[in-house]
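A.B. asks: Make a model of this:
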Amino acid sequence: TLFLFLGNGLQGLVLPVRGSAEGYSNETLGFLGTSWAAGFVIGCFVAPAIVRRAGHVRAFGSFVALICLTVLMTGLIVDDVWWIALRALTGFCTAGTSMIIESWLNERATNESRGMIFSLYIAITLLGVVAGQMIVPMGDISNTSLFMICGIIYCIAILPATLSKAASPQPLQKVSLDLPALYRNSPVSFIGILMIGIANGAYGTLGAVFGARAGLDPTMIAIMVSVTIFFGALAQFPAGRLSDRIDRRYVLAGLAGLGAVAGLAVAVVQPRDVYVLISMVAIYGAAANALYPIAVAHANDYAAAEDFVKVSGGLLLLYGIGTIIGPTLGGAVMTYSGPYALFFV
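C.D. replies: Numbers count the residues shown, from 1 in each chain. Purely as a prediction, here's the structure:
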């Protein structure tokens, strides 16, 4: 998981920064996120059948290998249409890897430990993303070196699963997504995950574009985006532990409120001092990035063991739908109202 998201962080920042340097529009850069999310949604339907046929380990290795191929091709073919198409394939494979990881964790977790386990899992993913983004200032954005480094990292991500002697999860039975049943199981998680997908999809895809349009240099863009995620990783531990001790819905409501206030503050104040801006965005990131694992844990608290994969797939589908809406909406709003309007979304 760590190396998978190390590559994800590097790839996710290289594309918008290189795209901005190539002169791609806000809408085109937003479509990179939309196509990723569209592929992700398709993956939520198709990936369970692949996992059922090939098994968790071989399916995981295949998905990561395809992600590696797409990032290398993205470096070789610098074209906005190709990038959008390849980004969709990356999203498809990411749905598969996420479903495998989360169902594997749910099989081992209990209701008393699920909040902390999923918060730790998200913390690892966020720290991986931060470390990947911090590689960007060390390379040359104008050539293929960063894309090649990203491919190497993805190759390393395959090795632990393929070489480990640890027991694999139980084989999947026939799985079909049932969104009405998911809503009945947990209305809070159903609506919450969709909204989290919209908000985090908008910032996750267009945060680097916002930095470029706001006048930050590539190094400060990497620092801003990384600080946001790093504080999100730090927030996982107290948020996860608290959600195991009190009603998870209260923790979700408090974090969502803090994220809303922080985002609106950035949009209204529009700080010109880069350090003030980064500090305000860090507060936003701490709240926004801590929401997903608590919403997932809340849904699984009420799910039967045989439904963990179905619940995981349904939540990932909702998150994917949200991340289709978020970048599309965010790109248009930034074009018409300026870069800071991203935080109104």
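A.B. asks: could you give the mean pLDDT of stretch 126-140?
C.D. replies: Stretch 126-140 carries an average pLDDT of 84.
A.B. asks: What are the buried residues along that stretch?
C.D. replies: By 16 or more other Cβ atoms under 10 Å, the buried positions in stretch 126-140 come out as 126-137, 139. C-beta coordinates here come from the backbone N, C-alpha and C atoms, glycine included.
A.B. asks: For Ala131, what is the enclosing helix or strand?
C.D. replies: helix 114-133 (DSSP states H and E).
A.B. asks: tell me what that helix is packed against?
C.D. replies: In this structure, helix 114-133 packs against helix 2-21, helix 80-108, helix 218-245, helix 291-301, with contacts taken as 3 or more Cβ pairs under 8 Å, 6 or more residues apart in numbering; DSSP states H and E.
A.B. asks: if we go to 6 Å?
C.D. replies: Other helices and strands packing on helix 114-133, by 3 or more Cβ pairs under 6 Å, 6 or more residues apart in numbering; DSSP states H and E, are helix 2-21, helix 218-245, helix 291-301.
A.B. asks: which is the next helix or strand following the first one?
C.D. replies: Secondary structure here is assigned by DSSP H and E; on that basis, the next helix or strand after helix 2-21 toward the C-terminus is helix 26-54.
A.B. asks: What residues sit buried inside the helix or strand that that following helix is followed by?
C.D. replies: Downstream of helix 26-54, the first helix or strand assigned by DSSP H and E is helix 56-76. Judged by neighbour count (16+ other Cβ under 10 Å), helix 56-76 contains these buried residues: 56-57, 59-64, 67-75.
A.B. asks: Kindly calculate the angle that helix 56-76 makes with helix 80-108.
C.D. replies: Going by axes from the mean of the first three to the mean of the last three Cα atoms, to 10 degrees, helix 56-76 is angled at 160 degrees with respect to helix 80-108.
A.B. asks: how about the CA coordinates for helix 56-76, as CSV?
C.D. replies: Taking Å, rounded to 0.1, in the frame of the first residue of the first chain, the C-alpha atoms of helix 56-76 are listed here in CSV:
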residue,chain,number,x,y,z
HIS,A,56,-6.5,-11.5,-4.6
VAL,A,57,-2.8,-11.7,-5.0
ARG,A,58,-2.7,-12.3,-8.8
ALA,A,59,-5.4,-9.7,-9.4
PHE,A,60,-3.5,-7.2,-7.3
GLY,A,61,-0.3,-7.8,-9.2
SER,A,62,-2.1,-7.5,-12.5
PHE,A,63,-3.8,-4.2,-11.6
VAL,A,64,-0.6,-2.6,-10.4
ALA,A,65,1.3,-3.8,-13.5
LEU,A,66,-1.3,-2.0,-15.7
ILE,A,67,-1.0,1.2,-13.6
CYS,A,68,2.8,1.0,-14.2
LEU,A,69,2.3,0.6,-17.9
THR,A,70,-0.1,3.6,-18.1
VAL,A,71,2.3,6.0,-16.3
LEU,A,72,5.2,5.0,-18.6
MET,A,73,3.0,5.5,-21.7
THR,A,74,1.9,8.9,-20.3
GLY,A,75,5.6,10.0,-20.2
LEU,A,76,6.2,8.8,-23.7
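A.B. asks: pLDDT (mean, whole number) over it?
C.D. replies: Across helix 56-76, pLDDT averages out at 92.
A.B. asks: Make 16 the starting number, not 1.
C.D. replies: Yep, numbering from 16; the last one is helix 71-91 now.
A.B. asks: Give the other helices and strands that it contacts.
C.D. replies: helix 95-123, helix 160-178.
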